[in-house]
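Chemist: What follows is a predicted protein model with its sequence.
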Amino acid sequence: MIQAIPQWSDVPVPKKNGEQHQPIYSLATNPAGTLIIAAIGPRVIIYNAKGGEQLHSLKGHRDTVYSVSFSRDGKQFVSGGADNCVIIWTDQGKGVLKYNHNESVQVVKFNPVLDLLVSCSNVDFGFWSPKENGVEKYGVSSKILCASWTSDGQTLALGMLSGIISIRDLSGKELRNMSHSASVWALMWSSSSGSAKQLERPKELLAVGCWDKTLSFYDRVGKQYGEVQNINFYPTSVQFFGASNEYILIGGTNKSVGLYTCQGRRLCSLAQSDAWIWTVICDSHDKCIIFGDQNGSVSVLTLDVEKVQSIYKSTYACRCTNLTDILIQDLAKDQKVKIECKDDIQMVAVFRDIVALLLSDCAVYVYESSRPSETFGLSYELKHKVRDVECDVLAVASKHIFTSCKKTLKQCDFNGRIMRKWELEMPVCVLRVYGGCSGSECIIAGMCNGEIKKVFPTDVQPKHLLTHSHSVRSINFSIRRQYVAPIDDE
């Protein structure tokens, strides 16, 4: 399960009577994660990232600010906007340098490695460095809407109104370009550590949000990676997220912050707004997600990703970090196999040679394995799919699945037929197969009030086994099933 936990929200410039909201077009955080800067109207707001207090409200621009970015050491940040102006500020909000383009400045980005800034306008882009006098500018054929540096700071990607993605080196020279049928409004390079083999994708991946309502990916040489994904809304912001950049956050006209895999598969919605979301970022430690919307609101949330796992004797199954794969291991034989599900795995249950997975499509997928030989290792095959499952807790036996939803416990066969149903006094927190004859296994249920019940398929009502002092979160048994060991919230 993935839970988004709101931390704070603020509307720095409240709407006045008869006026429209001033959107939050851009956000940035410093490397330490202690400051957040927001572009709203002609102002730049500096926040305390932890509590949301406004530290400074800066008024150096004469028109709407479209973009902000922090330097790699966090001592400076930059803003650019519709007044054709680029301003470099200290982290305390003091303006130290200003320069202009001939047209509106749409994007500003500090280089992640070098003391270098790129500023992009309707007609050109320019490089500024504290070591040089002046700004070296390069003309372009279309308005630049977005920009991103590679993690080594050597390559720049520009997304344009015309649908062109232009890849540039540090001299401003175009190395290659890719063409789309609609405006490229959002793009970002991944910054993963580890080899491409470990990541199971190109080490450096360019995610592109296009206004033909698609999400696409390219490697560093401009080769398309994977399939173009239809996302059914106009994306305005893409942000890689996670320790290995295994996720992507997308904001847009669907008024939602969506969590996607790095192959473009949607996992879930993390936050909902009343208006378009223009910008989504995360802090450098991936602890917070920050987004700004059309109504001028800045919101900060954190994620709680619950570990999804199950064990039966020496067979252990756990959800991988990408949330869509399951890793099954025989701990005794040191063998393992990965199953790719292409959807968010909500729950897993293991019994003997059976693994059951509940995915976000509300279906339970039942995999079976014959005990492998030492030569060929583990191998699992999808045998059954049980659709339309309402489930808070899942267990699997030799011929049935057991599901609990609120105060209702059900036993279903692998074709989805309901065999038995029990109404309980309290919700179930955990289900474990205790044992028994094939097809008639006993289930142990741990309740949120601390009660533990024993359930046989032939029972009219579950039988009371014992009462624990706290809500039961996990249950284990001794080898001979003489003792029950509950694990509680404490």
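Modeler: In hand now; what should we look at? These numbers come from a predicted model, not from an experiment.

Chemist: Can I get stretch 16-29 in CSV, CA atoms only?
Modeler: Listed next in CSV are the C-alpha coordinates belonging to stretch 16-29 (Å, rounded to 0.1, in the frame of the first residue of the first chain):
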residue,chain,number,x,y,z
LYS,A,16,-8.7,39.2,-4.5
ASN,A,17,-12.3,40.1,-5.4
GLY,A,18,-12.8,39.9,-9.1
GLU,A,19,-9.3,38.7,-9.8
GLN,A,20,-8.1,35.3,-11.0
HIS,A,21,-5.8,33.1,-9.0
GLN,A,22,-2.1,33.5,-9.7
PRO,A,23,-0.8,30.0,-10.5
ILE,A,24,2.3,28.4,-9.1
TYR,A,25,4.3,27.8,-12.3
SER,A,26,7.6,26.5,-10.8
LEU,A,27,9.0,25.1,-7.5
ALA,A,28,12.5,24.2,-6.4
THR,A,29,14.3,23.0,-3.2
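
Chemist: Now for E103: which residues touch it?
Modeler: 84, 121-124 (C-beta atoms under 8 Å, 6 or more residues apart in numbering). From N, CA and C alone the C-beta is placed, and that goes for glycine too.

Chemist: Quick one, grab the pLDDT at the closest residue to it other than its chain neighbours.
Modeler: Among residues not flanking E103 along the chain, N122 sits closest, at 3.8 Å (C-beta to C-beta, 6 or more residues apart in numbering). Note for N122: predicted pLDDT of 96.

Chemist: What of I487?
Modeler: Reported pLDDT at I487 in the predicted model: 84.

Chemist: and if you look at G18?
Modeler: 68.

Chemist: what does S193 give?
Modeler: For S193, the predicted pLDDT is 60.

Chemist: And S438, how close does it get to T458?
Modeler: To T458, S438 is 15 Å away according to C-beta to C-beta, to the nearest Å.

Chemist: and what of K15?
Modeler: 64 Å.

Chemist: With C262 instead?
Modeler: C262 is 48 Å from T458, by C-beta to C-beta.

Chemist: Not including adjacent chain positions, what is the nearest residue to the residue nearest to the spatial centre of the chain?
Modeler: By C-alpha atoms, centre = their mean, the mean C-alpha position of the chain lies nearest to L259, the distance being 3.9 Å. Nearest non-adjacent residue to L259, counting by C-beta to C-beta, 6+ apart: L267, 4.6 Å away.

Chemist: The residue nearest to E103 against K143, yeah?
Modeler: Yes. The pair N122 / K143 is scored as a contact, 4.5 Å apart, by C-beta atoms under 8 Å.

Chemist: Which element, helix or strand, includes the residue nearest to L259?
Modeler: strand 266-272 (DSSP states H and E).

Chemist: Follow the chain on from that strand and name the next helix or strand.
Modeler: Strand 266-272 is succeeded, C-terminally, by strand 277-282 (DSSP H and E).

Chemist: Please parse this protein into its domains.
Modeler: 2-305, 309-488 (automatic domain parsing).

Chemist: Quick one: distance of the last one to the chain centre.
Modeler: Taking C-alpha atoms, centre = their mean, to the nearest Å, one finds domain 309-488 lying 27 Å from the centre of the chain it belongs to.

Chemist: Could you list which residues are in contact with I326?
Modeler: Applying C-beta under 8 Å, 6+ apart, the residues near I326 are 317-320, 338-339, 341, 345, 348, 355, 357.

Chemist: Just name the most buried of the domains of the chain.
Modeler: domain 2-305 (a mean of 18; mean count of other C-beta atoms under 10 Å).

Chemist: now that one: how far from the chain's centre is it?
Modeler: 16 Å.
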